[in-house]
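> Output the structure for:
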Amino acid sequence: MRVHNLGPHTFISERPHSRNREWLTSFTPGERRQLIEEDIHARTEVAVVMGAAMAFGIAIAIVAYLVAL
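Reported below is the predicted structural model:
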């Protein structure tokens, strides 16, 4: 049997994850809150990593520009 889950930090669900209302309402309020908090946390981490990479790239570009002068 194939295990369906939402990722390494969530709980295992017996049913495939579709986007229909029945699947969404099968969670308890606590489980839905947990899913939302994990999603927000993951999105924040991705934004921080992308921002740091962009800042590092801009800093390298500035240093390269100043060295070329």
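
> Do you have the helices of the chain handy? List them.
21-25, 29-68 (DSSP state H).

> Mind putting those helices into TSV with mean pLDDT and mean neighbour count?
The way it works is simple: take the backbone N, C-alpha and C, and place the C-beta from them, glycine included. Shown next, in TSV, are the helices of the chain (pLDDT from 0 to 100; neighbours: other C-beta atoms under 10 Å):
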stretch	mean pLDDT	mean neighbour count
helix 21-25	68	10
helix 29-68	94	10
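
> Gly30 and Ile58, how far apart?
42 Å (C-beta to C-beta, to the nearest Å).

> likewise Pro29?
Counting by C-beta to C-beta, the gap from Pro29 to Ile58 is 43 Å.

> now do Ala64
Taking C-beta to C-beta, one finds Ala64 at 11 Å from Ile58.

> what do you get for Tyr65?
Counting by C-beta to C-beta, the gap from Tyr65 to Ile58 is 10 Å.
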